[in-house]
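K.L.:
Fold the stuff below for me.
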Amino acid sequence: MSPSVRRLDPDDIAAMDAVERACFPDDAWTPAMLLAQIGRADGIGLGLVAAETAPGPRRLSGLALGWAAGGVAELLRIAVSPVLRRQGSGRALLGAFLGQALDRGAEEIWLEVRADNTAALGLYRAAGFEDSGRRRRYYSDGVDAVLMTALKERISG
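P.N.:
Below you'll find the predicted structure:
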């Protein structure tokens, strides 16, 4: 079953903190950072969560955070709980984020991803992103960051 995606709200922060720590043990965003992103005073923040739709108690499976303003958007964070990956949450979150960014007038969307994250690279390329640069040894363990860009006309959700 496909996960449902909705706006991230403050009641989700504890669950999203657990996802952050599981996905990014060395550089997880703190609950305060998550709250700051969704509650930005300038109103440009985008925050989404994915929830399982399977029978039983609903669990939040992932989050997407970013911003959109002035014809540009940036996906700052996308994370799916390791035990719930490969079930469509990442694709659903990315599609919803792209849809909201386009609704806010984005003509170009940026992101960066670890060069060794082949699953994410494949997901982003399938959605219309292309490599646009590289930050050498960007991450604390020496892995490069791949910069990616998608123009409005290339995006497929």
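
K.L.:
Could you use CA atoms for every contact and neighbour count after this?
P.N.:
Fine.

K.L.:
Report the buried residues of stretch 128-135.
P.N.:
128, 129, 130, 134 (16 or more other Cα atoms under 10 Å).

K.L.:
Stretch 6-25 now?
P.N.:
Applying 16+ other Cα under 10 Å to stretch 6-25 flags 8, 12, 13, 16, 17, 18, 19, 20, 21, 22, 23 as buried.

K.L.:
In three-state terms, label the second one for me.
P.N.:
So that's residue 12. Secondary structure state of residue 12, per DSSP: H, G, I helix; E, B strand; the rest coil, is helix.

K.L.:
Next one: it from residue 136, what distance?
P.N.:
Separation of residue 12 from residue 136 (Cα to Cα, to the nearest Å): 34 Å.

K.L.:
now swap in the third one and tell me
P.N.:
Residue 13 is 32 Å from residue 136, where distance means Cα to Cα.

K.L.:
hey, which helix is longest across the protein?
P.N.:
If you go by DSSP state H, the chain has its longest helix at helix 89-103.

K.L.:
same for it, what does it pack against?
P.N.:
Packed against helix 89-103, as judged by 3 or more Cα pairs under 8 Å, 6 or more residues apart in numbering; DSSP states H and E, are the following elements: strand 4-7, strand 45-51, strand 60-69, strand 72-80.

K.L.:
These: which one's closest to residue 143?
P.N.:
strand 72-80 (17.2 Å; Cα to Cα).

K.L.:
Kind regards, and thank you for your time.
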